[in-house]
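# Have a look; sequence and predicted model below, questions after that.
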Amino acid sequence: MRLSDLHPGQTGVITKILGHGAFRKRVMEMGFVRGREVTCILNAPLQDPIKYALMDYEVSLRRNESSMIEIMPIEDWEDHETDAEKAEHNSTSAHDENSEHAVRHDKIINVALLGNPNCGKTSLFNIVSGASEHVGNYAGVTVDAKSGHVNYKGYRINVVDLPGTYSLSAYSPEEQYVVRYLRNATPDVMINVIVASNLERNLYMTTELIDMNRPMVIALNMYDELENSGATLHYKELGKMLGVPIVPTVASEGRGIHELLDTVISVYELKHPDTRHIHVKMSQEIEDGVDVIRKDLKTEAHVPLHFATRYIAIKLLEGDPEAERMIKEVPDYAKIIDDRNRVAADIKAKIGEDVQTAIAADKYGFIQGALAETLEGNVAHEEKATKIIDTLVTNKLFGFPIFLMAMFLTFWCTFELGSYPMEWIENLVTWISGRLDAVMPEGPLKDLLLDGVIGGVGGVIVFLPNILILYFFISFMEDSGYMARVAFIMDKLMHKMGLHGKSFIPLVTGFGCNVPAIMATRIIESQSSRLITILILPFMSCSARLPIYVLLAGAFFPSHAAIVFFGLYLLGIVVAVVTARLLRRFWFKADETPFVMELPPYRVPTSKAVIRSMWSKAKQYLQKMGGLILVASIIIWALSYFPRYTLDEVPQDFRNSALEEMQAYGNDSVNAAEADQLVLHTYQQEHSILGNIGKFCEPVVRPMELGWQSCVSLIAGMAAKEVVVSTMGVLYVGDDDEAALSKRLQTPSPITGKAPFTTASALAFLVFVLLYFPCVATLTAIVRETGKWRYGLFSLFYNTILAWIMAIATFEIASLF
Ligand code: GDP
Ligand code: MG
């Protein structure tokens, strides 16, 4: 019988894992090992993937993956299992392996945070170092090492936050990254963060770290969840048993941090009574095999001893590619590998199981033994709230509508709620420019301040509230655990595009900013899926584009702004989907990746964490305003201001045609002097350096009846999309300087009588902005993350050409109405 044959509510016991390679390894690390009970919980809306409960947590697998796991109905298993087998593995032995760490007295301690994804490492890191790194309730939030430090009791403790991994075998990029980090940076003390409410699986990686034999402390995080469940863990005893001190913490509230740091210091100074080296004892056959390889490693003087030989030996026995790479340079490499192969074959013959499976099973056996002695009660308490919410949000009927509603609510609030504080800031900006206008003498400096700085930066800064609201919703979805469910319900659809449900998470994060979202694609194991996700990410409308939407949708669709808004985001998604399908069809061959993803219990985000993250977003935005946007505005202003002309320099025919236009429009409210002033102003702008550039590229936007100013704004927006708005702020200066930009865009020109935008051209412009050239930062991220220029170039040309075609189409369709 296969796991996929289980119906919701049924339970089976695992007897064998079929398949091989990364899939097999991954599911075993996740706890799918022989003898383990698995319960099928529910199917995703489209029958795939399926959610299972295993040990204390929930995990989703695709149907074809769960069909690779052989099970036995639980009733049959009970007769089958003999008690003797169970008891055998669970013994530890104290052992002192060349304890070479001398007592150190320097006052700097380098600490690394290690642990499963989503165990609270980043929360802990933020509390300890006062940083505000990205926290989220799903696996794969942190993809890079982040470092910070804290001065504590006379020590400088440098902390590094690493990506989460389920084990140390180098299959995924994160695992490789973590192992290499440990090898190259050799932290003084490792803090292994484990989730108190999900001990078994978390301790798996702990056993691997124990093999490394390095100074270590365990942070028993989410201790609040353990307490609430009513179970007790005698963690002191467990710590003694493992030879690693354990400190309970609640990272989200900052509990237990001092104790943790104290313990780090005493472990560092080799003073902690609980620290000792143990061996996680495996079955005799395996231990014998490990000894053979260790002997090889020891007699070979050149083996780089970054890690304990026991660790390397076990990893070699598991066939870990990174371990093989580690000893590649050794002269006896061939002999060691030969021995390894022989020993592995021996073990397989003796115990009838391959070594990888046997090691995982033995380690889990060890963990179960240790927990049997120290854990009282059941941590797997019914997560009632999680269950109820999940039956709703992953429901066949309601799953998708709920997600769409959540997105709509997000954009509606971003627009509607955001419009109030936006108005306040707008009024403030108007007031400041009015004051400056009144007190400053005429001249270039006044023009620079009013038109360049306030016109540009002031035009963009008003959107800060909208952006914060948008980020608030995204981080709420991430932090609560809803995002993991979205990936779950989307997997089938994403699979149709040859992608993975996990791809959906960076896509939603991309609504915030594309750059971190591109980094976040590292959670996607399959290379081709990852590349496709990266290439479609720029179509996810980032928050920098938001100001343009708020501006134009607010000005031209005042009663339907939220719908236009939501429609743009949807259009971005649709274009992304179509692009993904095309890419999969014509460029990237399909490759299967397992959909093994944890569905963590829902957690209410703490206000502390929310405020911290909002504050850091606001700071980032203001810094961008004061830096890039300010500089860009000044440059744009200068380019449109120079060279200066006087009225005499305006050619007669320009003047005549302008006056004719004015007459045709029927504008007779201006006297001759004012008309001259208008003509000069227009001539000045059109013949400035920027005007010449704009005139040159105007034909590109002419089909949408957009002026050269909008064309220049689009070009300037390549630096950063906010610059589109700030440039418009600088260029669309009418006679009424202080009016808000949205008003200026609708005001008809006194000469031609035409406003800069019509409803149709505004819509076309919005579509163009949504789709065209990703900003420089995004482009750089694409090139850096893929390592290839061609993907950046593809993004540049494909997106821009597509944007142009779609914008013209939009204009034509909108003009019909
Ligand atoms: P990482 O993936 O290991 O870096 O984990 P994060 O720091 O991103 O946290 C994962 C989730 O767990 C977030 O939603 C946190 O708010 C939450 N969290 C972290 N520590 C605790 C804790 O001690 N108790 C509870 N209840 N939640 C926590
Ligand atoms: Mg993290």
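Happy to help now that I have it. Ligands and ions are numbered 1, 2, ... in the order given.
# Let's see stretch 324-334 as PDB, backbone CA atoms only.
Only the C-alpha atoms of stretch 324-334 are listed here, as PDB (Å, rounded to 0.1, in the frame of the first residue of the first chain):
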ATOM      1  CA  GLU A 324      33.300  14.000  -0.800                       C
ATOM      2  CA  ARG A 325      34.300  17.500  -2.100                       C
ATOM      3  CA  MET A 326      35.800  18.200   1.300                       C
ATOM      4  CA  ILE A 327      38.400  15.400   1.000                       C
ATOM      5  CA  LYS A 328      38.800  15.600  -2.800                       C
ATOM      6  CA  GLU A 329      42.300  17.000  -2.500                       C
ATOM      7  CA  VAL A 330      43.600  14.300  -0.300                       C
ATOM      8  CA  PRO A 331      46.100  11.900  -2.000                       C
ATOM      9  CA  ASP A 332      44.300   8.900  -0.700                       C
ATOM     10  CA  TYR A 333      40.900  10.100  -1.900                       C
ATOM     11  CA  ALA A 334      40.400   7.000  -4.200                       C
END
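# what's near enough to touch residue 121?
Residue 121 makes contacts with 113-115, 142, 161-162, 164, 193, as judged by C-beta atoms under 8 Å, 6 or more residues apart in numbering. From N, CA and C alone the C-beta is placed, and that goes for glycine too.
# Keep only those of these that are in strands.
Among the contacts of residue 121, DSSP state E puts 113-115, 161, 193 in strands.
# which of those are close to ligand 1?
Among the ones in strands among the contacts of residue 121, no residue lies close to ligand 1 (C-beta under 6 Å from any ligand atom).
# re earlier: closest one of the contacts of residue 121 to ligand 2?
Comparing the contacts of residue 121 against ligand 2 with C-beta to the ion places residue 142 closest, at 3.1 Å.
# what secondary structure does the residue in the stretch 601-750 of the chain that ligand 2 sits nearest to sit in?
Per C-beta to the ion, residue 609 is where the stretch 601-750 of the chain lies closest to ligand 2, at 12.2 Å. Classification of residue 609 by DSSP: H, G, I helix; E, B strand; the rest coil places it in helix.
# Need the nearest residue in space to residue 212, chain neighbours excluded.
What sits nearest to residue 212 in space, not counting adjacent residues and going by C-beta to C-beta, 6 or more residues apart in numbering, is residue 311, at 4.7 Å.
# so how far is residue 31 from the one you found?
As judged by C-beta to C-beta, to the nearest Å, residue 311 and residue 31 stand 21 Å apart.
# Which stretches in the stretch 1-150 of the chain count as helices?
21-29, 63-66, 74-80, 83-88, 121-129 (DSSP state H, counting those that start in this stretch).
# which stretch in these is the model least sure about?
Here the lowest mean pLDDT among the helices of the stretch 1-150 of the chain goes to helix 83-88, at a mean of 41.
# what separates the residue nearest to residue 212 from residue 428, distance-wise?
In terms of C-beta to C-beta, residue 311 sits 61 Å off from residue 428.
# between those two, which one's more packed in?
Applying other C-beta atoms under 10 Å to residue 311 and residue 428 shows that residue 311 carries more neighbours, namely 21 against 13.
# Show me what the helix or strand harbouring that one is packed against.
Following DSSP states H and E, one finds residue 311 within helix 309-317. The contact analysis (3 or more C-beta pairs under 8 Å, 6 or more residues apart in numbering; DSSP states H and E) places helix 309-317 against helix 199-212, helix 284-299, helix 321-326, helix 333-351, helix 355-374.
# The lengthiest helix in the chain - contacts with which helices or strands?
Using DSSP state H to define each element, the chain has its longest helix at helix 399-439. Counting contacts by 3+ C-beta pairs under 8 Å, 6+ apart, helix 399-439 is packed against helix 384-393, helix 464-480, helix 482-496, helix 546-556, helix 561-586.
# Is it possible to get JSON lines of those helices that adds distance to ligand 1 and mean pLDDT?
As requested, the helices and strands packed on helix 399-439 are exported to JSON lines (distance: least, C-beta to the nearest ligand atom, whole Å; pLDDT from 0 to 100):
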{"stretch": "helix 384-393", "distance to ligand 1": "12", "mean pLDDT": "81"}
{"stretch": "helix 464-480", "distance to ligand 1": "5", "mean pLDDT": "87"}
{"stretch": "helix 482-496", "distance to ligand 1": "10", "mean pLDDT": "83"}
{"stretch": "helix 546-556", "distance to ligand 1": "25", "mean pLDDT": "88"}
{"stretch": "helix 561-586", "distance to ligand 1": "25", "mean pLDDT": "89"}
